[in-house]
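Peer 1: my questions are about this predicted structure, shown below with the sequence.
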Amino acid sequence: MVSFAPAALREANAAAYLDLSVSKFRDLVSNGALPKPVRLADGVERWKSDELLAILDGTAARPSEDFEL
């Protein structure tokens with residue numbers, strides 16, 4: 001069986017991926033500390049897992065020090 005990581009995550013999964021509550025995740029997205037979702041279709045938004053991983057591994061912009069995780 002082939003195993004692979006998802007390319008995009010629903011909001012709750014994206015928050016869990018970063019070990020955040022959904023409300024804290026939403027706050028960080030709305031404040032610009034985390035990327036906005038990609039709209040795949042009407043009413044379907046997902047966060048790119050590679051963008052979230054880039055923040056975690058330090059290869060992308062990190063949240064401002066003004067934001068508390």
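Peer 2: It's in.
Peer 1: contact partners for residue 47?
Peer 2: Neighbour list for residue 47: 8-9, 11, 14, 34-35, 37-38 [criterion: Cβ atoms under 8 Å, 6 or more residues apart in numbering]. Any C-beta I mention is one placed from the backbone N, CA and C, and that applies to glycine too.
Peer 1: buried ones among those?
Peer 2: 8-9, 14, 34-35, 37 (16 or more other Cβ atoms under 10 Å).
Peer 1: what is the nearest of those residues to residue 59?
Peer 2: Of all the buried ones among the contacts of residue 47, residue 59 sits closest to residue 35, with 13.3 Å by Cβ to Cβ.
Peer 1: can you read off the pLDDT for the residue lying closest to residue 7 once chain neighbours are set aside?
Peer 2: With sequence-adjacent residues excluded and distances taken as Cβ to Cβ, 6 or more residues apart in numbering, residue 7 is closest to residue 49, at 6.0 Å. Note on residue 49: pLDDT of 94.
Peer 1: isn't residue 49 up against residue 16?
Peer 2: No. Residue 49 is beyond contact range of residue 16, at 11.8 Å (criterion: Cβ atoms under 8 Å).
Peer 1: re the thing from before, the buried ones among the contacts of residue 47: which two are farthest apart?
Peer 2: Taking Cβ to Cβ, no two of the buried ones among the contacts of residue 47 sit farther apart than 8 and 34, at 14.3 Å.
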